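[1] I'd like to go over a predicted model; first the sequence, then the structure.
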Amino acid sequence: ILVGAGAFVAKRCGAARATDLPGYLRLAAAGVVIWSLGAWMLSAFGLGSPQALRAWTLLLAVPAIAARETPLTLHLARRFATLGGSERAIVAAIGGWFLCLAARSNFVGGFDAWWYGLRGEYALVATGSVFKSLELVAPVNYYPKLWELLLIPVSGLHDTSVIEGLSIAMLALIALTCLAVLKPLIPGLRTRLLLVALVVTVPAIANSALSPKPDLFSAWVLLLACIEAAAFARDGRASAFAWTITGFALAFASKLSAPPYIMVIFAALLGVWWHNGRPRASDAAAERRFALAIAIAAILVAGLVTARTWLLTGVPLIGPEPLLHLFADLG
């Protein structure tokens with residue numbers, strides 16, 4: 001639904017269909033932005049209950065189907081059919097690892113997961129809107145909640161593995177994004193697949209896939225921002241810069257630890273772009289229009305997420321501590 005929703009907006013903007021992995025990753029990010037903008041707007045009007053967000057998700061299925069975009073799974077299956085024997089074996093092994101994670105999701109659940117991710121219908125939108133106070137006092141209640149709200153449509157279904165399955169799917173998106181990141185660096189597909197296998201099996205990363213927390217989502221959108229930032233630094237396309245901003249906005253709205261990474265990536269983007277002679281390549285008007293529309297929507301989503309914290313606490317960000325002291329000094 002998310003990829004299809006992104007494809008629908010791309011089609012309305014006149015953009016070309018996605019034919020490669022980066023194109024599908026952009027559609028996935030666009031779908032998250034579209035869903036989030038609708039969900040947070042509904043919550044702003046007091047219509048953010050789990051039932052309403054499920055209805056919004058199902059409603060998005062209509063334009064997603066109307067877009068007639070080739071499903072990502074079918075695209076990957078066709079690519080798999082063209083691989084050699086050794087590459088197929090590596091992909092099959094990675095697929096087996098994901099099946100192991102899916103099986104473990106029925107039995108594994110940490111303490112933190114029960115705070116929000118696995119019971120968001122009680123701890124986030126119990127009053128029918130993410131903007132309404134539940135009179136809770138722990139700072140974690142007022143962290144950016146973009147990812148947690150995205151989990152609400154599958155919350156309350158009496159099956160925690162469904163919720164954790166979204167985190168596992170996010171790990172799959174990270175694997176695909178790593179392939180795209182490595183492509184200009186390493187020509188051999190076999191080596192890239194082995195490195196991706198290493199990434200998805202590192203315990204610190206794989207264990208995060210069994211917890212419905214925003215860590216993997218934030219990492220994914222930052223990786224996507226890295227791809228687009230490198231593209232902008234190379235040729236100065238406006239659409240690449242807009243997609244970079246989209247990644248930044250989504251990361252900012254999902255994790256308090258994201259801003260330092262955003263600043264480092266942005267500084268590197270400007271530095272390399274300047275070193276390359278400040279190129280300004282033109283891109284298709286439709287592609288630029290699509291990227292700009294999603295970037296503006298992502299900024300609005302980040303604004304709504306920040307507005308929730310500000311409305312409920314009196315400060316736009318609940319951490320880190322030095323920032324809170326700065327807000328206090330500013331009144």
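    Done, it's in. Residues are numbered from 1 along each chain as shown.
[2] remind me, longest helix of this protein?
    helix 285-313 (DSSP state H).
[3] can you tell me the average pLDDT over that helix?
    Helix 285-313 carries an average pLDDT of 96.
[4] And stretch 28-48, by the same measure?
    pLDDT averaged over stretch 28-48 gives 96.
[5] Just say helix, strand or coil for residue 109.
    Judged by DSSP: H, G, I helix; E, B strand; the rest coil, the three-state class of residue 109 is coil.
[6] before we move on, the earlier item: name the helices or strands packed onto the longest helix of the chain?
    If you count contacts as 3 or more C-beta pairs under 8 Å, 6 or more residues apart in numbering; DSSP states H and E, helix 285-313 packs onto helix 2-12, helix 21-44, helix 238-252. Any C-beta I mention is one placed from the backbone N, CA and C, and that applies to glycine too.
[7] Highest mean neighbour count out of those?
    Compared across these, helix 238-252 shows the largest average neighbour count, a mean of 25 (mean count of other C-beta atoms under 10 Å).
[8] quick one on the thing from earlier: list the buried residues in the longest helix of the chain.
    286-306, 308-310, 312-313 (16 or more other C-beta atoms under 10 Å).
[9] and residue 268, what helix or strand is that in?
    helix 258-275 (DSSP states H and E).
[10] What helices and strands are in contact with that helix?
    Helices and strands touching helix 258-275, by 3+ C-beta pairs under 8 Å, 6+ apart, are helix 215-235, helix 238-252.
[11] out of these, nearest to residue 32?
    Residue 32 lies closest, by C-beta to C-beta, to one member of these: helix 238-252, at 6.6 Å.
[12] The longest helix of the chain relative to helix 2-12, how many degrees between them?
    Angle of helix 285-313 versus helix 2-12, following axes from the mean of the first three to the mean of the last three C-alpha atoms, to 10 degrees, is 130 degrees.
[13] Residue 167 contacts residue 218, correct?
    No - in terms of C-beta atoms under 8 Å, residue 167 does not count as a neighbour of residue 218; the distance is 11.9 Å.
[14] for this structure, which spans come out with low pLDDT?
    In the prediction, the chain carries no residues with pLDDT under 70.
[15] if we go to 80?
    Along the chain, the model assigns pLDDT under 80 to residues 107-116.
[16] hmm, back to that, now the helices and strands packed on helix 285-313 as JSON lines including distance to residue 177?
    JSON lines is the format used below for the helices and strands packed on helix 285-313 (distance: least, C-beta to C-beta, whole Å):
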{"stretch": "helix 2-12", "distance to residue 177": "14"}
{"stretch": "helix 21-44", "distance to residue 177": "6"}
{"stretch": "helix 238-252", "distance to residue 177": "10"}
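[17] Out of the ones you listed, the one nearest residue 93 is which?
    helix 21-44 (19.6 Å).
[18] Alpha carbons of the closest one, in CSV - could you do that?
    The C-alpha trace of helix 21-44 is given here as CSV (Å, rounded to 0.1, in the frame of the first residue of the first chain):
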residue,chain,number,x,y,z
LEU,A,21,15.9,-0.2,-6.8
PRO,A,22,16.4,3.5,-5.9
GLY,A,23,13.2,4.3,-7.7
TYR,A,24,11.2,1.8,-5.5
LEU,A,25,13.0,3.1,-2.4
ARG,A,26,11.8,6.6,-3.2
LEU,A,27,8.3,5.3,-3.7
ALA,A,28,8.4,3.6,-0.3
ALA,A,29,9.5,6.8,1.4
ALA,A,30,6.9,8.8,-0.5
GLY,A,31,4.2,6.3,0.7
VAL,A,32,5.3,6.7,4.3
VAL,A,33,5.1,10.5,3.9
ILE,A,34,1.6,10.3,2.4
TRP,A,35,0.3,7.9,5.0
SER,A,36,1.8,9.9,7.8
LEU,A,37,0.5,13.3,6.6
GLY,A,38,-3.0,11.9,6.5
ALA,A,39,-2.7,10.1,9.8
TRP,A,40,-1.3,13.1,11.6
MET,A,41,-3.9,15.5,10.1
LEU,A,42,-6.7,13.1,11.2
SER,A,43,-5.2,13.1,14.7
ALA,A,44,-5.1,16.9,14.7
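[19] Helix 215-235 and that one, what's the angle between them?
    Using the same axes, to 10 degrees: helix 21-44 against helix 215-235 is 130 degrees.
[20] Does anything pack onto helix 21-44? Which helices or strands?
    helix 2-12, helix 50-66, helix 72-81, helix 146-150, helix 160-182, helix 215-235, helix 238-252, helix 285-313.
[21] Residue 6 and residue 58, how far apart?
    The gap separating residue 6 from residue 58 is 17 Å, by C-beta to C-beta, to the nearest Å.
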